[in-house]
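Undergrad: Just the structure for this:
(chains A and B)
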Amino acid sequence: MKARTFLSSWWIALALVGCQDVIDLDLPEGETLPVISGLISTTQPAVVTVKLSASFLEPSPLPIIKGASILLFENDVLADSLIEDTEPGTYRGTLIGQLGNEYRIEVTFPADAPKYAGTTWVSFAEEITPAPPIDSIYSAFLTGVPFQEDGWFPFYMFKDPAGVANQYRLVKWRRDSLKNLPTDLTVFRDEFFDGINFNDKQAPAIQPEGDPLDSGDRYAIEQSSLSRPFHDYLEAVREQTVNVGSTVDPPPRRIIGNIRLQGDNNTFALGYFGAVDVARADWIIGLNN
Amino acid sequence: MRRLLFLLVLLTSFSTAAQTRATLSGYVRDAATGEALIGVNVLVRETRQGTVSNAYGFYSISLPEGKYTLEFQYLGYDAQVEQRTLKGKQVLDITLRETAVSLDEVVVTDRKITEKVTNMEMGVTQLTAKEIAKIPQLLGEVDLIRTLTLMPGVTTVGEGANGFNVRGGNIDQNLILFDNSPVFNSSHLFGFFSIFNGDAIKDVKLYKGGIPSKYGGRLSSVLDIRQKEGNDQRFSGTGGIGVLSTRLLFEGPIVKDKASWLVSGRRSYGDIFLQFSNDPDLNQSKLYFYDLNTKLNWKIDRNNTIFLSGYFGRDVFGVNNLFSFDWGNLAGTLRWNHLWSDRLFSNTTISYSDYNYSLGTPPEDDFSFQWNSTIQNLIFQFDNTWYANVKNTVEYGIQATYMIFEPGTVTGTITRVLQNEYGLEIAPYISNEQEINENLRISYGLRYSTFMNLGSRNVKSYVDNGNPSDETIVDSTSFGRNEVIASFAGWDGFEPRLSVNYLLNDNNSIKLGYNRTRQYVHLISNTTASVPTDVWRPAGKFIRPATANQISVGYFTTFPNANLEFSVETYYKDLQDLVEYRDGAQLLFKDNIETELLTGRGRAYGLEVLLERKSGRLTGFIGYTLSRSERLVEDQTNPLESINNGEWYPANFDKLHDISVVLGYQISKQWSIGTNFAFQTGRPITYPNTRGEFEGIAYPLYNNRNGGRTPAYHRLDLSVNYDFKQNPNKRWSHGLVFGAYNVYARRNPYSIFFRPSEANPGLGEAVRLSIFGSIIPFVTYNFKF
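TA: A predicted model of the protein is given here:
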């Protein structure tokens, strides 16, 4: 038996001889670019952050841009002007998005901003398409599932609309805390399940959480509908931050958003302004929700 | 085409009619096993002319009638000298005996040591199974591909990467032939080990340049691997038990001297040991490979021999009962050797090759899927060698390959089928190796390849067919079964080949080589190292065939007193119409994959130096390569799609310096040691030039592909061989090989990657990935009877 244990340990050890080490590295001085990210949804007014990029290994947060002018256009008509929040570099509007309408922003840097003073950056218009409703939720105590600890897990059901390409993003709150690690960025397309009903009959209900919860825990998700470009942008961010560190990773690539310098089709800011519809579900784990 | 066929018939007729000189022909075989010996030097002492045995051990030499002394020489075998008075047609079959292990420093004869100087080949690496077995290997597994990557001009992206790169070519630019069947995936365990069981291999030849006209279909190299034929003298076997796998080979006569068989198998057993783990997630998982080699050969009579060989190999990976993934090659070859006359040797081959993979979930799952994909090749080949006279050897023939690509079929809860693609490649060829005078020999040849992409298939049309995208589809055309969708013929299909050898004196020569090659199938991959699910697609309406032109010059010399061979070669290779993918390309389950692709160019140039010692107590080689491999991808329609703004950038496997020192030393009859040292410039990686942020998560922005490099790679391996004392009355012999890979436990970087900091996702960090971060010891028990 000892020999068996030794042999299995030897094989496991062999599988683990590969290693990752965080290292110091001198990177070439890179270009400084505007970093503009924002979102408007059918449940929240627009929120936009404006910053400047920095060297990747710079050990401090990105510089923020105060005093920018940010205008929101609905169907190409000026509809809102965003106000700087108490959190510097963050700007908030008051208009809530409407299904079927298109939204875009124009961001003008203040005259005293470094490098990009007075420049205006515009986003491509995004149309809000409907997110299918979450039909039902429940939680279940699972045991003996491979690569998963025993415990309570939430499930939800929804039907993907047939005949149209749909893209989704899933945002999760566990015990009222937003899950916001790189690995939590979850986007998917219906390329392989167009029109499928995830109702435990045609297809299993979706389990959004991999770590077990306790009975009585609060859990919530927002499943939003994305445009294809927004999905591709988020997928690229996920790929370049999560799918790294193995021999078969996708190689590094540029992540191009939808915000460009006004009057220049080839100069893009980093970031994306998206417009989404949201379907939300809340659980009290262990209760019959 | 008609003219070429006419020429072939004419040559055949002429050869049978022209019999004005004496001709000596025969087969050269191993005395103990009856195995045909490939590349045996047949030297005529009086004229200092000669020939070499072909891949089936056959040789033929025509001389004026008279008395001659013939010497048959083969490295590792005792030379044999025969005196013959030649008149008319004569047959002389030779059997050579393996040289017993000797601790004396044996100086091999001039001819043997000067073979590399005198032959036409340049850019060629030839290895025997014995040479490969002497080299210390990862986990003690005798590994052909890993050995080749120690040779000048051969690199990989890194440890554990699938395939290999030759003189700046991509991994799909290597034609890997296993007993004439093409192999599409040469790796087990995602690239850590090659699929070729060393016990079953007889001979390996890698053409990096100067590719003969009988080979085609890939741009950068040909790896021609020949299996053993099977011992036609007595039943025998070899095997070994190592930490990764166990292997067994049995062979024997069906009818002594007439027919033999061979069966060889290998299986890794990681999964068996994982079953002993207490972790239920591990003990129900699977990760293993197996392969099986088989061969039959039947010498019907002196003029006819038939060979039937097969390879079946598979990798099996399963994660508990959640997911399974398996892939493998199947290859079969039927060959008929026929002697039309004592000077005309022909080989007719029908071979079948199938690479397929399958992945999915158990069918009983509520939401199940099974995904299957395959590439099949059916090949007919007719090759002839006409030993016209002692100064001319003509090779000619034709090759036809029918290809079936099944990119993907999904069954289960969801069903989806990608359209198959079909292709037909036909290529006649002819070449002549001619001795102009005592010092100058030329080999010149021409291959003409054509390719047709065939139906049935629906093919989309775009607003701009030169820049296809999903948003600009305007039409779809349906092509019927075997209807031609796209055809590639004309002047582009000519592939001239040239080799020149100018002998400065007995020990020095200068060689020149040129070859043009065409490739009609492409491996489309968007991962750093290739994976088993990468997509092979043929040239067609939107994907052009790739073309390479390579010129090389070399200087070859020998130091007979020291048993040393030295060569230095330089080359320049131009590559056109290479397939590259767009940033973020979705390659899997994409029918109109042309929308994800760009076309690029490549160039590679370098200098290769090799110092070798193949006999004596101390053997081995020191190789050095100085090289560059670069790519250029420019999209004039959409400049944002251009890579690095349309400027040249280093290929993933570009390494400026590559040094290998491989040495073996026979201490005594029982003890020997081996060592490798490898040093390489770090491989290109892409550094981020700035940091963006999305919802507080840092992400890297890249716009300079392969603009940085990992630190240099270096590694030392050691092995010790101990052969137990053999009972002289018994055939059984056995021994141990033990040693260590990566002796000083260097954490060689496979890559450096960039990710959000684990402590603060708003900041970034650089991480070094090492595949082997520690010393890896091994022990293998080998036996033979």
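
Undergrad: Direction included, what does the strand or helix carrying residue A:141 pair against?
TA: Taking DSSP states H and E as the criterion, residue A:141 maps to strand A:134-142. Partners of strand A:134-142 in the sheet, by DSSP bridges, are strand A:151-159 (antiparallel).

Undergrad: Identify the neighbouring strands of the helix or strand harbouring residue B:267 in the sheet and state each direction.
TA: Element membership of residue B:267, judged by DSSP H and E, is strand B:259-268. Paired neighbours of strand B:259-268 in the sheet (DSSP bridges): strand B:245-255 (antiparallel), strand B:286-301 (antiparallel).

Undergrad: ok now the strand holding residue A:141, how far from the chain's centre?
TA: 23 Å (Cα atoms, centre = their mean, to the nearest Å).

Undergrad: Now tabulate the strands paired with strand B:259-268 in JSON lines and tack on mean neighbour count, distance to residue B:724 and mean pLDDT.
TA: For the C-beta atoms, the positions are set from N, CA and C on the backbone; glycine is no exception. Shown next, in JSON lines, are those (neighbours: other Cβ atoms under 10 Å in any protein chain shown; distance: least, Cβ to Cβ, whole Å; pLDDT from 0 to 100):
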{"stretch": "strand B:245-255", "mean neighbour count": "19", "distance to residue B:724": "19", "mean pLDDT": "94"}
{"stretch": "strand B:286-301", "mean neighbour count": "19", "distance to residue B:724": "27", "mean pLDDT": "93"}
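
Undergrad: what about chain B, any weak spots by pLDDT?
TA: B:1-20, B:101-114, B:281 (pLDDT under 70).

Undergrad: Can you tell me the centre-most residue of it?
TA: Residue closest to the average C-alpha location in chain B (Cα atoms, centre = their mean): residue B:223, at 2.9 Å.

Undergrad: Am I right that that residue falls within a strand?
TA: Yes - judged by DSSP: H, G, I helix; E, B strand; the rest coil, residue B:223 forms part of a strand.

Undergrad: Please name the residues that touch it.
TA: B:148, B:174, B:175, B:176, B:177, B:204, B:205, B:206, B:207 (Cβ atoms under 8 Å, 6 or more residues apart in numbering or on different chains).

Undergrad: Can you tell me which of the residues you listed is nearest residue B:776?
TA: The nearest member of these to residue B:776, counting by Cβ to Cβ, is residue B:148 at 20.3 Å.

Undergrad: mind listing what that closest one touches?
TA: Per Cβ under 8 Å, 6+ apart, neighbours of residue B:148: B:125, B:127, B:154, B:164, B:204, B:206, B:223.

Undergrad: now the residues you listed in JSON lines, with distance to residue A:95 and secondary structure?
TA: Listed next are the contacts of residue B:148 as JSON lines, based on distance: Cβ to Cβ, whole Å; DSSP: H, G, I helix; E, B strand; the rest coil:
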{"residue": "B:125", "distance to residue A:95": "70", "secondary structure": "strand"}
{"residue": "B:127", "distance to residue A:95": "73", "secondary structure": "strand"}
{"residue": "B:154", "distance to residue A:95": "63", "secondary structure": "strand"}
{"residue": "B:164", "distance to residue A:95": "59", "secondary structure": "coil"}
{"residue": "B:204", "distance to residue A:95": "71", "secondary structure": "strand"}
{"residue": "B:206", "distance to residue A:95": "67", "secondary structure": "strand"}
{"residue": "B:223", "distance to residue A:95": "65", "secondary structure": "strand"}
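
Undergrad: Quick check, residue B:661 in contact with residue B:676.
TA: Yes - with contact defined as Cβ atoms under 8 Å, residue B:661 reaches residue B:676; the gap is 7.0 Å.

Undergrad: Tell me where the stretch 1-150 of chain A has helices.
TA: Remark: helices assigned in the stretch 1-150 of chain A by DSSP state H, counting those that start in this stretch are A:2-15.

Undergrad: Okay, now the unreliable bits of it?
TA: Using pLDDT under 70, the stretch 1-150 of chain A drops low at A:1-18.

Undergrad: rewinding a little: for chain A, state which of the contacts of residue B:148 is nearest.
TA: Nearest to chain A among the contacts of residue B:148 is residue B:164, at 14.6 Å by Cβ to the nearest Cβ.

Undergrad: That closest one and residue B:149 touch, don't they?
TA: Yes - the criterion here is Cβ under 8 Å, and residue B:164 meets it with residue B:149 at 5.5 Å.

Undergrad: Comparing the two, which residue is more hemmed in?
TA: residue B:164 (26 against 20; other Cβ atoms under 10 Å in any protein chain shown).

Undergrad: which residues does that one contact?
TA: Applying Cβ under 8 Å, 6+ apart, the residues near residue B:164 are B:145, B:148, B:149, B:154, B:155, B:156, B:171, B:174.

Undergrad: Fine, thanks again, bye for now.
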